[in-house]
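Participant: Got a predicted structure here, sequence first:
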Amino acid sequence: MKTARLFPPRGSLQRRLSLILTLGFTALWLAGTLAAGFILREEIDEVFDSALQEVVQRVLPLAYTEILNRESGDAAPQQLPSVGEHKEFITYIVRDAEGRVLLQSHDAEPEHFPHNPAHGFLSGQNTRFYTENAVKGTIIVTAAERPGHRQKALLDAVKMLVWPLAVMLPLGILGTWSMIALAFRPVVRLRDDIEHRDGGNLAPLDTSLLPGEIGPIAEAINRLMERLRRTLDAERTFTANSAHELRTPVAAALAQTQRLRSELIDGPVRERAGEIEAALHRLARLSEKLLQLAKAEGSGLVAEEPANLVPVLDIIVDEFTRRPAHAERIEVEVPENGTTVSLIDIDAFAILARNLIENALKHGDSRQPIKISLDVDALFSVSNRGAIVPREVLDRLTHRFERGTAETEGSGLGLAIAATIAAGVGSRLDLLSPASGLPDGFEARIRLPRPVQT
């Protein structure tokens with residue numbers, strides 16, 4: 001439970017590793033400092049005890065000589081003069097068997113020394129003493145540390161080990177985060193590649209720079225996408241075959257109906273044949289739109305390699321300009337170099353362009369031209385003149401079988417197909433009324449996917 005609270009289930013692995021390594025580094029440093037503190041304490045005790053013992057052993061013969069040379073009857077304690085001003089960290093006093101002070105260092109305070117101390121070391125409050133007896137107990141020398149000096153030395157030594165942590169900790173966090181971020185860069189690229197893909201992009205993931213722990217996962221994803229691609233290819237093949245097989249009987253029935261109508265004389269039967277012909281035309285158009293919609297809802301809308309869309313648009317426009325009624329109405333604007341590169345599948349772009357152009361020709365003012373534009377940045381738009389379409393109607397036009405307020409015949413699927421293709425390539429179909437730069441009219445606009453610039 002504590003681990004779950006510290007690391008959320010969907011938390012960043014990079015942040016988690018950085019936190020673990022930083023906390024581990026800090027804990028190890030503190031543990032090392034603590035261990036060093038215990039070792040330092042033993043070493044400082046040994047060094048300071050040795051210093052106390054050394055002072056007593058050096059003072060003892062000097063004190064003995066000084067006492068022997070003292071004038072008889074002079075019982076006042078003598079204080080050795082200081083060579084220069086300094087702070088004594090170890091003081092001493094020399095006493096006789098009755099406890100009278102015979103000699104002392106210049107900073108010594110006899111009242112702070114223990115009375116009748118035994119031979120050896122003695123620990124007082126924040127003070128350590130060492131005593132030796134000489135001349136059969138008639139001369140007693142006791143040395144003492146300055147109160148708290150040993151503890152201060154230990155504390156200063158530990159501080160010298162701890163304070164770098166205050167500097168190293170932020171540097172360690174920054175360094176750890178930077179190194180992990182550098183190590184995770186291939187993983188982040190893989191995540192971004194997957195995250196920014198739409199449903200139609202089944203190109204293999206780049207696994208060349210991935211570490212050994214992540215590479216097999218990406219390769220498994222590639223195998224899964226390869227199986228999915230084969231399944232979708234089979235679906236597209238079935239769709240294409242179905243379209244061909246469906247067009248053939250409808251075309252045959254339409255031809256037979258037209259022939260039958262031409263052989264009939266004017267009358268109710270001929271009118272009924274005309275109605276059958278119109279119904280077959282509608283059936284042909286509807287089946288074509290439904291097949292296009294099935295294509296738009298499938299995958300494979302994004303190509304593995306970029307392609308130039310200008311030649312594809314020229315073919316689509318040529319199909320419409322062959323009809324006399326449309327030849328004078330279509331205006332096309334493409335880059336001067338004749339190149340607009342995009343990652344959209346060229347079949348999907350052909351369906352998109354055909355539906356938008358057909359929609360503009362059918363619902364625009366028949367006396368005004370329509371404008372088709374494809375710029376170098378892959379912004380594709382089709383606009384026509386006509387009455388302004390209300391906002392609430394615009395919001396419904398991409399719904400299936402929605403025909404707005406137009407009286408012209410149509411299936412109500414053209415803009416729905418275009419919007420589905422736009423979503424499939426990771427873009428959006430924008431509908432504007434009035435059209436850009438015009439007082440009225442209608443415009444459909446989509447930003448097609450561009451290859452990543454390296």
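Facilitator: Received it, and whenever you're ready, just let me know what you need.
Participant: Can you spell out which helices and strands pack onto the helix or strand hosting D318?
Facilitator: For D318, the host element (DSSP states H and E) is helix 310-321. Helix 310-321 sits against strand 330-333, helix 346-363, strand 370-374, with contacts defined as 3 or more C-beta pairs under 8 Å, 6 or more residues apart in numbering; DSSP states H and E. In this view, the C-beta of every residue, glycine as well, is placed from N, C-alpha and C.
Participant: And the last one, how far out from the chain middle?
Facilitator: It refers to strand 370-374. Chain-centre distance of strand 370-374: 40 Å, with C-alpha atoms, centre = their mean, to the nearest Å.
Participant: next structured bit after it?
Facilitator: strand 379-384.
Participant: Remind me what that next one packs against, helices and strands.
Facilitator: Strand 379-384 packs on helix 346-363, strand 370-374, strand 442-447, going by 3+ C-beta pairs under 8 Å, 6+ apart.
Participant: coming back round to it: what's the following helix or strand after the helix holding D318?
Facilitator: Next helix or strand after helix 310-321 toward the C-terminus (DSSP H and E): helix 324-327.
Participant: Q57 belongs to a helix?
Facilitator: Yes: counting by DSSP: H, G, I helix; E, B strand; the rest coil, Q57 is located in a helix.
Participant: what are the phi and psi values for the residue nearest the centre of the chain?
Facilitator: Nearest to the mean C-alpha position of the chain, counting by C-alpha atoms, centre = their mean, stands V188 at 6.5 Å. Main-chain dihedrals, V188, degrees, to the nearest 10: phi -60, psi -40.
Participant: ok, now how distant is it from G124?
Facilitator: Applying C-beta to C-beta, to the nearest Å, the value for V188 to G124 is 64 Å.
Participant: E358 too?
Facilitator: Taking C-beta to C-beta as the measure, E358 falls 105 Å from G124.
Participant: And for Q125, the neighbour number?
Facilitator: Taking other C-beta atoms under 10 Å as the criterion, the count of residues near Q125 is 6.
Participant: Okay, strands next: where are they in the protein?
Facilitator: Assigned by DSSP state E, the chain shows strands spanning 78-79, 90-95, 101-104, 120-124, 127-134, 139-145, 302-308, 330-333, 341-344, 370-374, 379-384, 429-432, 442-447.
Participant: Next, count neighbours for the nearest residue to G124 once chain neighbours are set aside.
Facilitator: Take G124 and drop its neighbours on the chain: the residue closest to it by C-beta to C-beta, 6 or more residues apart in numbering is P114, 6.8 Å away. By other C-beta under 10 Å, the residues close to P114 number 13.
Participant: Then D266?
Facilitator: By other C-beta under 10 Å, 7 other residues sit near D266.
Participant: Quick one, grab the pLDDT at it.
Facilitator: Note for D266: predicted pLDDT of 81.
Participant: that older thread, Throw the helices and strands packed on helix 310-321 into JSON lines and include mean neighbour count and mean pLDDT, thanks.
Facilitator: As requested, the helices and strands packed on helix 310-321 are exported to JSON lines (neighbours: other C-beta atoms under 10 Å; pLDDT from 0 to 100):
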{"stretch": "strand 330-333", "mean neighbour count": "14", "mean pLDDT": "92"}
{"stretch": "helix 346-363", "mean neighbour count": "22", "mean pLDDT": "88"}
{"stretch": "strand 370-374", "mean neighbour count": "22", "mean pLDDT": "93"}
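Participant: Which one, of these, ends up nearest to T248?
Facilitator: T248 sits nearest to helix 346-363 of all the helices and strands packed on helix 310-321, at 20.4 Å, using C-beta to C-beta.
Participant: and the angle from the closest one to strand 442-447?
Facilitator: For helix 346-363 against strand 442-447, the angle between stretch directions is 170 degrees (axes from the mean of the first three to the mean of the last three C-alpha atoms, to 10 degrees).
Participant: Dump helix 346-363 to PDB, keeping only the CA atoms.
Facilitator: The C-alpha atoms that make up helix 346-363 are tabulated as PDB, following Å, rounded to 0.1, in the frame of the first residue of the first chain:
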ATOM      1  CA  ILE A 346      -3.700   8.500 -52.900                       C
ATOM      2  CA  ASP A 347      -6.900   6.400 -53.200                       C
ATOM      3  CA  ALA A 348      -8.300   8.000 -50.000                       C
ATOM      4  CA  PHE A 349      -7.300  11.500 -51.300                       C
ATOM      5  CA  ALA A 350      -9.100  10.700 -54.600                       C
ATOM      6  CA  ILE A 351     -12.300   9.800 -52.800                       C
ATOM      7  CA  LEU A 352     -12.000  12.900 -50.600                       C
ATOM      8  CA  ALA A 353     -11.400  15.300 -53.500                       C
ATOM      9  CA  ARG A 354     -14.200  13.700 -55.600                       C
ATOM     10  CA  ASN A 355     -16.800  14.000 -52.900                       C
ATOM     11  CA  LEU A 356     -15.900  17.600 -52.100                       C
ATOM     12  CA  ILE A 357     -15.900  18.700 -55.700                       C
ATOM     13  CA  GLU A 358     -19.100  16.900 -56.400                       C
ATOM     14  CA  ASN A 359     -20.700  18.500 -53.400                       C
ATOM     15  CA  ALA A 360     -19.600  22.000 -54.500                       C
ATOM     16  CA  LEU A 361     -20.800  21.400 -58.100                       C
ATOM     17  CA  LYS A 362     -24.200  20.000 -57.000                       C
ATOM     18  CA  HIS A 363     -25.100  22.500 -54.200                       C
END
